[in-house]
Every structure is written in structure tokens, then in C-alpha cells.
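Engineer: Any chance you can model this:
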Amino acid sequence: MGTKQPAPAESITDKKGVSRRDFLKTAAAGAAGIGLSSWVFTPFTYGAEKPIKIGMIQELTVGATEYGYWMDKVGKAAVAKLNAEGGIAGRKVELLDYDTKFNPAHGAQMFKKLILEDKVDFIMGSVHSGVQKACFPIAEQYKIPYFGGGAMTADFTGKDAIPYYIRIHTHAKMQAMAGWEWGFKNLGKNWAFVVADYAWGHSLEEEFGKRVKAAGGKIQGIRAPQTTKDFIPFLQKIDPDIDVLFTAFLNPAALGVMRQSVELGLHKKMKRYTVICCTEGIGQDVVGKESAGAHYIEYQPRYFDQVPKELQTYERTYRNAVGVTDDGKDTKDSKITSAHSHMWSMWTAASLIKQGVEQTGWKDNSKNSDFIKAVVKMKIKAGPWAPQGDLVMREEDHQGFHDHYISEVTPDLKLKVIARIPKEKLMYEPTVDLRGKL
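Structural biologist: As a prediction, the model looks like this:
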């Protein structure tokens, strides 16, 4: 998925989890500040109750490592913050994490291992739709709350929804609702979709396309394998009256289609539009000068100065905690770009676990249903645990809603926010009702 990110030093494939020594080091780092200058910590002595265990699965060594590196890093920082602030309901929090290897079968195996061997209480993570889907039957069998980590398949909180899955972030349908109208009004009415020929690409084409067509626009669909290297034959199929070129590919293919559209001069004839997922965790300098003038849908601005003023205090604290600079780079390695639109989900999910436990008096898995019922009704205000802004959960389908942003790539290859789409515009009618199924 573009520039390979290093696996985190403490996220060795299939490790047993966080040792006592690692935990104490992490908690001490949190208490010392780890850059969290706006937090005031007081010494805390844990009681005799056993720790609350959170399991985490991420893509650490194969596939979507740009995501996995950051999701893992943010999850660890969130647990460090929880412990530095007294844990959850006075109980220490332990984090155990495994690599999915970008493989649904292996990811599901690790998910089950977390439940049966590590005895975790909650699980979060993975941006891979296939991995998440493979974990659904296990989550349902063992009745364990599972907070998804960035997968964009809309059906996970639709026809494929299960009562133990909670999604606090966007998906393809919400992205279309956020971006189609702005694009139709500002970029053009005739759209060509050149997308990856699998479920994710299909869903973006369908969700955006049906709205553009209903508004009186023209749509043209062109699908190419995700492994495509030469996009010229596909791009040459685009009709001459097209105003908007919408592309959806991952990894090198996303860079290839962007660059080759410029080779053909299409950037002079039509506006280029896509979702940040295509080049998330990849710096615009790596994407290249060919991206200048393109438009992206973001779910949290990558550049600090593009974050809404009322959120900047929270954003500053969050960036300090997880190690992100103002221009969206890793504080320890400027070659690594943050997966900023996705990784906040692990930060906020950790907070929801704390709130759900403390609101319901949760002690063990006998109260998992009460925990989930509480979490999916929450309305979270922007704050230290919600730097992305307000988050509204919906109990019918366990879907969360938050603001989106339209950004343009400037000539100096930065993402400049030009529109903010409020979450209220994204609240579609639920297609499933999970109430009463716990």
C-alpha cells in the first residue's frame, strides 16, 4: 500500500501480548507525559480486581501496513493514557495485540486466540474488510464486543450486521453522502468511475454513481484489477464529455492511475476526485506532483492548520500522545506519514470501552449486552478522547457518525480543506434493527 511502514517495535507478529515490564514502562511513559503536556496525572494505586484486557488485531507486516502501524501505535497510546488516568473503573488495562498478516483466516485465528487463550474482554482493530467479516461469527459465538478499525464495507452495519460489532467511523455509503453533492455542484455533472474490480471499488462506484445519476448527471463505469500497472487502456475508454474522474485503488495502483491520468492529459480536461483511503499513510510528496489539483474526501484533516479551530486544542493533545507532527508525519521519522483519517478510531474506541464499563457497572462478560446497549446510544462531544469532533452513535445498527472534509491538493502538495460536511448530512435511514437481539 505504497511506502512500506515499519512494524512497531512492540508489535511482533503473534507475540503473547504486553509483558508486565512493558506495561509498567508504557504506563510510566504515559504518566511522564509522552508529550501530553495538557494532561495532569496523579499517582494511582490499583485495587485487587484483575485487569481489564483489550485485544487488538492489526495489519502489521503484510498488506495495509501504513494503516496497521498507526492503528497499533494509537491503540497503545490510548491504553497508556487510560492507565495513567487510573485505568477503567479503577482496574488496570492490559493490551494484547496480534498481526492479521492481511489474511482473513489468520486474522480470525488470532481473534479467537485473544478470546480463548488470552481471555480478553473486548477486541478492536483491523482495516481489512475480509478480516473483520471472518471475525464476525467468532464475536457472535463468544458474545464479545468488537470495535471495528477502519473497514469501509457499508454492509457491516447493514445487511451483514451482528449485535456484537460496533463501528464508530465512516464507510463507503457515508463517503458518498458526504462527497457526491459537493462534487456534483463544484466539479461537474458527468462522472467516470475507474475503480478496483472488487467489492470496495464496486461499492464506491455504486454509492456515488446512483446519486449522481439521480441528480441528472451521467455516469460511466470502468473497472480494472487492483493489480493493474498499466492504466492507459482503461483511461482511454473514458468518454470525451466526462467532467469528473473518480478513481478508487489502493497501494501502488492508486499512484499509478493518478500519474497515468496526467500522462494522458486528463487532468486538463476533467477534475480528479477520490477518497483519502487510496493514499492514506502516504505523503503527497510520494504520491507526486501529478496529484496537484486533485480532490480527496478526508475523515480528519492530516495537516494541523486545517483542523477546525474549535478542535485544535484536542488535536494538539492527541498528536502529542501518538507522535504526529503538524504536517502529519511521525515525530520519530519524517518519512512516515500518518493514517490520520483512520487511526483516531482506536483512540476513541478505547474511551468508549471505559465509558461503557463505568456507566453500566460492567464487571465481566455477563454484562456484555448491557455494555453494548450503552455504547451504541452514546453521543460523544469533541474532547481529549474525541479529537475528530462530535460522534453520534445509533443503536439500530451500531453505526457512528462524524464530520467529513473535502480537501484539495495544493501546488506545494499539501491537503487544504475547502469544505466541511457535517455528520447530520450523513445520517441515512438504518437498514437493520439490532435492538432486542442481544
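
Engineer: Give me the spatial nearest neighbour of E424, chain neighbours excluded.
Structural biologist: The shortest distance from E424 to any non-neighbouring residue, by C-beta to C-beta, 6 or more residues apart in numbering, is to F401 (7.9 Å). Glycine gets a C-beta too; all of them are placed from N, C-alpha and C.

Engineer: what pairs with that neighbour across the strands?
Structural biologist: Beta-bridge pairing for F401 (DSSP bridges): V392.

Engineer: Wait, it touches L391, no?
Structural biologist: Yes: in this structure, F401 is within contact of L391 by C-beta atoms under 8 Å, at 7.1 Å.

Engineer: hey, what's in contact with both of the two?
Structural biologist: Taking C-beta atoms under 8 Å, 6 or more residues apart in numbering as the criterion, F401 and L391 both touch K423.

Engineer: hang on, the earlier thing: which residues touch the residue nearest to E424?
Structural biologist: F401 makes contact with 174, 391-394, 423-424, 426-427, according to C-beta under 8 Å, 6+ apart.

Engineer: Same list (those) but as TSV, adding neighbour count and distance to Y165.
Structural biologist: Converted to TSV, the contacts of F401 look like this (neighbours: other C-beta atoms under 10 Å; distance: C-beta to C-beta, whole Å):
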residue	neighbour count	distance to Y165
M174	27	16
L391	23	16
V392	17	17
M393	20	13
R394	16	13
K423	18	20
E424	10	24
L426	20	19
M427	14	19
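
Engineer: distance of the residue most central in space within the chain from T153?
Structural biologist: Centroid check for the chain by C-alpha atoms, centre = their mean gives H342 as the closest residue, at 2.6 Å. As judged by C-beta to C-beta, to the nearest Å, H342 and T153 stand 14 Å apart.

Engineer: now do the same end-to-end measure for stretch 97-105.
Structural biologist: End-to-end distance for stretch 97-105, by C-alpha to C-alpha, to the nearest Å: 16 Å.

Engineer: List the buried residues for that stretch?
Structural biologist: 97-104 (16 or more other C-beta atoms under 10 Å).

Engineer: quick one, what contacts the residue nearest to the centre of the chain?
Structural biologist: By C-beta under 8 Å, 6+ apart, the contact list for H342 reads 67, 70-71, 127, 149-150, 169, 277, 280, 299.

Engineer: before we move on, what about N368?
Structural biologist: 143-145, 164, 362.

Engineer: which stretches of the chain form helices?
Structural biologist: 20-32, 65-84, 104-116, 129-142, 172-186, 199-214, 232-235, 251-263, 284-287, 312-322, 340-360, 368-375 (DSSP state H).

Engineer: how many other residues sit next to the residue nearest to A419 when sequence neighbours are not counted?
Structural biologist: Closest residue in space to A419, ignoring its immediate chain neighbours: I406 at 4.0 Å, by C-beta to C-beta, 6+ apart. Residues lying near I406 (other C-beta atoms under 10 Å) number 21.

Engineer: Report the separation between I406 and C135.
Structural biologist: Distance from I406 to C135, by C-beta to C-beta: 33 Å.

Engineer: try M378
Structural biologist: 23 Å.

Engineer: Please identify which of the two sits among more neighbours.
Structural biologist: C135 (30 against 17).

Engineer: pLDDT score for the more buried one?
Structural biologist: pLDDT, C135: 98.

Engineer: Contacts only, for the nearest residue to it once chain neighbours are set aside.
Structural biologist: Of all residues not flanking C135 in the chain, F111 sits nearest, at 4.4 Å (C-beta to C-beta, 6+ apart). By C-beta under 8 Å, 6+ apart, the contact set of F111 is 55, 57, 123, 134-135, 138-139.

Engineer: dump the residue contacts of the closest residue to E280 other than its chain neighbours.
Structural biologist: Counting by C-beta to C-beta, 6+ apart, A339 is the residue found nearest to E280 once chain neighbours are left out, at 4.9 Å. A339 is in contact with 66-67, 69-71, 280-281, counting by C-beta under 8 Å, 6+ apart.

Engineer: try Q399
Structural biologist: By C-beta under 8 Å, 6+ apart, Q399 lies in contact with 157, 167, 171, 393, 430.

Engineer: Repeat that for G216.
Structural biologist: Taking C-beta under 8 Å, 6+ apart, we find G216 in contact with K189.

Engineer: next one: the one 5 residues further on
Structural biologist: With contact taken as C-beta under 8 Å, 6+ apart, G221 is in contact with 192-193, 195, 205, 209.
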